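[1] I'll drop the sequence and a predicted model, then ask my questions.
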Amino acid sequence: MPLAVRLARIWKPLIALMALVGVATTLWIGGFGAHAAPTRYPGRAIQLAPADMEALIFVWASGTPAIQRVAQTTCVRAALSSRQCAAIGAAVRHGWLDLMARDPAALGHVGVAPNPRGRADALGELGARLTAITGARSGALLPVTRQAYAQITSPAWIQSAVAPPSGNVRAPLPRGIVLVWATSFSQSPLPNGLNPTTSAYVALPDAYLKFANWGQITSIPAIYQPYYAPSGTQTHWSVSVMTPDLTHRDLNVLVTDVGPWNEDDNWWDPDSTSATLPASCPVATTTRPGATANRLVNGICPNGRNLRRVYYYLLYQHGGLPFFQASAYAPSGGFNDTTAWPTDLNRYCSEASAASFNSDNLACTPGTGTYNQTNGAWDRSGLYDQSVSNQASIDLSPAVDKALGWTYPASGLVQVVVGTLP
């Protein structure tokens, strides 16, 4: 999912917590610690690619009990001991934080240029740690992890295994409540006197929610202010987060940041259904012919209700008003106005989930893993032309993880009540 968010990162509190990750004012993670030198194993270290890192995070750093059981089974399949598997989980959390510190762009941090060398170093050190832990069985770790990842991201498996509320089949959730993937982050500073460690807060991929909750109303275009700041002052938009079996929950959690990925995907809102721009929509006179011919792009201007904005930002420069201004903006991916319009995403299917090369297909049409050539709209200034790797739709603070019974930082499946958002 974003991906505006330029607050200072904190480092020492992360080390103290044993792992934290964020976007912009945030550190997005799934867990890690300080840069301790890895134990060496006399052999060739496991070579990790970004896709391997994400699979490791979602299999070995999960707070979802059903996924934890899959990890245990994966251990047996790889002929590893329970002690080795616990060490793998700790190493993956450590490596996740290390990667965020060295190359935050690799995990969705907006506003920073990629650091390929730092990324390679972080992945290399994690590979060495995992090799030291697994020893002669190191060659089996990635294959069984990939198999486990394919299993836990299968809609059929999620339907049957992730603690259905009743019976053996998950009943459809009420409108406004969605089952999505989540990862963890920490943020500082925070509004309303919140504490980075002990307060509950979340990040969603909609910058206007953040601006409204911070009282930064002028950062929201005037045509959106009636939806995000109806009183013209600071708001308190929040969501409730629950485990799939409803045994743990954190209610009315404030949205304080943008993430996990892009900045303009209010994925809980509907698409435009009109092929005609509202008369009040500020469109540049230099608009290219045909640039407003698609109903998805026309949704940039609300027409009585807030509409999903991601399609516009996939094609056009994020330069404010008027919309559709001509420029040399060339976003990454395969979409192009008038020749290759964006794909119509399901409501509740985040762009990050659709574009991720680890697409889970949970709320999305199966096969959307090639969405925009696995690129997202979060690369606003052309600094981060790379594929989306994290399919999460929300990021949770340490306190929310704790409320859910998760070991921070963690990944996993959660139910989110989004029906009250603009």
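    Alright, I've got the coordinates. Numbering: from 1, shown residues only.

[2] Give the helix, strand or coil label for S231.
    Assigned with DSSP: H, G, I helix; E, B strand; the rest coil, S231 falls in the coil class.

[3] What count of nearby residues applies to it?
    By other C-beta atoms under 10 Å, 9 other residues sit near S231. For glycine as for every other residue, the C-beta is placed from the backbone atoms N, C-alpha and C.

[4] cool, and A87?
    17.

[5] what pLDDT does it get?
    On pLDDT, A87 comes in at 97.

[6] before we move on, what about I152?
    Value for I152, per-residue pLDDT: 92.

[7] Would you check how far apart it and T287 are?
    45 Å (C-beta to C-beta, to the nearest Å).

[8] in this structure, which spans are strands?
    26-29, 177-187, 201-203, 238-242, 249-257, 394-396, 412-417 (DSSP state E).

[9] how about the ones you listed in a markdown table, adding mean neighbour count and mean pLDDT?
    Putting these into a markdown table (neighbours: other C-beta atoms under 10 Å; pLDDT from 0 to 100) gives the following:
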| stretch | mean neighbour count | mean pLDDT |
| --- | --- | --- |
| strand 26-29 | 32 | 40 |
| strand 177-187 | 27 | 92 |
| strand 201-203 | 28 | 97 |
| strand 238-242 | 21 | 98 |
| strand 249-257 | 21 | 97 |
| strand 394-396 | 31 | 96 |
| strand 412-417 | 24 | 96 |
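
[10] Any chance of these in TSV with distance to R77 as columns?
    Converted to TSV, the strands of the chain look like this (distance: least, C-beta to C-beta, whole Å):
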stretch	distance to R77
strand 26-29	27
strand 177-187	23
strand 201-203	35
strand 238-242	31
strand 249-257	33
strand 394-396	30
strand 412-417	21
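
[11] Which among those is found nearest to A87?
    Across those, A87 has its closest neighbour in strand 26-29 (18.5 Å, C-beta to C-beta).

[12] Now the residue nearest the centre of the chain: phi and psi?
    Taking C-alpha atoms, centre = their mean as the criterion, P260 is the residue nearest the geometric centre of the chain, at 2.9 Å. Dihedral pair for P260: phi -70, psi -30, per degrees, to the nearest 10.

[13] and if you look at the one 3 residues further on?
    Its backbone dihedrals place E263 at phi -100, psi -10, with angles given as degrees, to the nearest 10.

[14] Would you confirm that it contacts P205?
    Yes. Judged on C-beta atoms under 8 Å, E263 makes contact with P205 at a distance of 6.4 Å.

[15] Can I get the longest helix seen in the chain in CSV? Just the C-alpha atoms.
    Scanning the chain for the helix with the most residues, using DSSP state H, yields helix 82-102. Provided in CSV are the C-alpha atoms of helix 82-102 (Å, rounded to 0.1, in the frame of the first residue of the first chain):
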residue,chain,number,x,y,z
SER,A,82,12.3,-26.4,17.8
ARG,A,83,15.2,-24.5,19.3
GLN,A,84,16.5,-23.8,15.8
CYS,A,85,13.1,-22.6,14.6
ALA,A,86,12.8,-20.2,17.5
ALA,A,87,16.2,-18.8,16.6
ILE,A,88,15.1,-18.4,13.0
GLY,A,89,12.1,-16.3,14.1
ALA,A,90,14.4,-14.1,16.2
ALA,A,91,16.9,-13.7,13.4
VAL,A,92,14.2,-12.8,10.9
ARG,A,93,12.9,-10.1,13.3
HIS,A,94,16.4,-8.8,13.8
GLY,A,95,17.0,-8.8,10.1
TRP,A,96,13.8,-7.0,9.4
LEU,A,97,14.7,-4.1,11.6
ASP,A,98,18.3,-4.1,10.2
LEU,A,99,16.9,-3.8,6.7
MET,A,100,14.6,-0.9,7.7
ALA,A,101,17.5,0.9,9.3
ARG,A,102,19.8,0.5,6.3
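
[16] Okay, buried residues for that helix please.
    84-85, 87-102 (16 or more other C-beta atoms under 10 Å).

[17] and it, how far from the chain's centre?
    Counting by C-alpha atoms, centre = their mean, to the nearest Å, helix 82-102 is centred 19 Å from the centre of its parent chain.

[18] One more: stretch 415-422?
    Taking mean C-alpha positions (C-alpha atoms, centre = their mean), stretch 415-422 and its chain are 16 Å apart.

[19] what do you get for stretch 120-133?
    24 Å.

[20] try stretch 131-141
    That offset, for stretch 131-141, works out to 30 Å (C-alpha atoms, centre = their mean).

[21] ok, and for that stretch, which residues are buried?
    Quick answer for stretch 131-141 (16+ other C-beta under 10 Å): T131, A132, I133, T134, S138, L141.

[22] Sort out which one of these lies nearest G419 for me.
    L141 (41.2 Å).

[23] so what's that closest one up against?
    Residues counted as contacts of L141 (C-beta atoms under 8 Å, 6 or more residues apart in numbering) are I46, A78, L80, I88, L130, T134.

[24] how does it look with 7 Å?
    Contact analysis of L141 by C-beta atoms under 7 Å, 6 or more residues apart in numbering lists I46, A78, L130, T134.

[25] Which pair in these has the greatest spatial separation?
    Taking C-beta to C-beta as the measure, the contacts of L141 span a maximum distance of 12.3 Å, between I46 and A78.

[26] And E263 and P205? Which one has more around it.
    Remark: of E263 and P205, P205 carries more neighbours, 32 against 28, as counted by other C-beta under 10 Å.

[27] any idea how far that one is from R77?
    From P205 across to R77, the span is 35 Å (C-beta to C-beta).

[28] One more: S353?
    Applying C-beta to C-beta to S353 and R77 gives a distance of 27 Å.

[29] Do you know the pLDDT at the nearest residue to L142 once chain neighbours are set aside?
    With C-beta to C-beta, 6 or more residues apart in numbering as the measure, D52 is the residue that lies nearest to L142, at 5.8 Å, once sequence neighbours are left out. On pLDDT, D52 comes in at 90.

[30] Would you check that D52 makes contact with L130?
    No. Using C-beta atoms under 7 Å, D52 makes no contact with L130, being 10.0 Å away.

[31] The two: who's more crowded?
    Between D52 and L130, counted using other C-beta under 10 Å, the more crowded position is L130 (26 against 19).

[32] Now do the same contact list for the more buried one.
    I46, I88, A91, S138, L141.

[33] What distance do you get for it to S81?
    Counting by C-beta to C-beta, the gap from L130 to S81 is 14 Å.

[34] now swap in R129 and tell me
    16 Å.

[35] if you count what's nearby, which of those two comes out ahead?
    Set side by side, R129 and S81 show more neighbours around R129, with 26 against 12, by other C-beta under 10 Å.
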